[in-house]
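> Give me a model of this one.
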Amino acid sequence: MSLVRLNIKGISYSQTQNGAYALILSEVDGDRKLPIVIGAFEAQSIAIALEKEIKPPRPLTHDLFKNFADRFDIVVKQVIIHKLVDGVFYSSLICERDKIEEIIDARTSDAIALALRFDAPIFTYKNILDKAGIYLKVNPDDEDENNEENILLEELVAEELESVTEEESDYSNKSLKELKSLLEQAVANEDYETAARIRDEISKR
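This next block holds a predicted model:
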């Protein structure tokens, strides 16, 4: 399977849904965008890494990992988003130490936060982009093309975040037994953001 390189287009915040963020990745040699819903902490960490001039007074978790890796001569060479299951993206860090490569499993949001700190390229497989990538149809006659693309991105993000919210509302109709079963399933699938939402619903009960 062929790899496709991605760039970070930006992070979008939902004005209507508190605490909901979407990371937008764009195809380097193409027009498709890949939206990924991420948590607030990861969004903050990625935003800080994108803004080179912002230096937190104390290292964030991803900064700590970078400092730790530097101390022990570990380099993150690249990040690969290698799997998509039920809307959840799975990623790997390709690391190198003493000319030996290791593959480490990671959440996509964490992997990208680290890729920025190591200046490592981000890739995905063509079949994942074919499945989840979205074209933004910008009018070529529009003088303010960037503005129209931003509007389309907002609509795209709203759709992604709305689907997450619909999942949350479904939890209110579930019994405690069903919620606990869903929680175990989410943890087994390493979908910790969904697990956190289910846990919150259980706590409300």
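
> what distance separates the start and the end of stretch 68-82?
Taking CA to CA, to the nearest Å, stretch 68-82 runs 25 Å from one end to the other.

> What average pLDDT does it get?
For stretch 68-82, the mean pLDDT works out to 97.

> how far out from the middle of the chain is it?
In terms of CA atoms, centre = their mean, to the nearest Å, the centre of stretch 68-82 is set 18 Å apart from its chain centre.

> which residues sit against it?
Stretch 68-82 is contacted from outside by 3, 6, 34, 89-98, 101, 106, 108, 111-112, 114-115, 118, 120-125, 128, using CB atoms under 8 Å, 6 or more residues apart in numbering. (Glycine included, C-beta is placed from N, CA and C.)

> residue contacts, residue 34?
6, 24, 25, 26, 27, 81, 124, 129, 132, 133, 134.

> One more pass at 7 Å, please.
For residue 34, the contacting residues are 6, 25, 124, 129, 132, 133, by CB atoms under 7 Å, 6 or more residues apart in numbering.

> So the third one lies in a helix, does it not?
Same thing as residue 124. No. According to DSSP: H, G, I helix; E, B strand; the rest coil, the state of residue 124 is strand, so it is not within a helix.

> about what we covered before: mind putting the contacts of residue 34 into CSV with neighbour count and secondary structure?
Formatted as CSV, the contacts of residue 34 follow (neighbours: other CB atoms under 10 Å; DSSP: H, G, I helix; E, B strand; the rest coil):
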residue, neighbour count, secondary structure
6, 25, strand
25, 24, strand
124, 26, strand
129, 21, helix
132, 17, helix
133, 20, coil
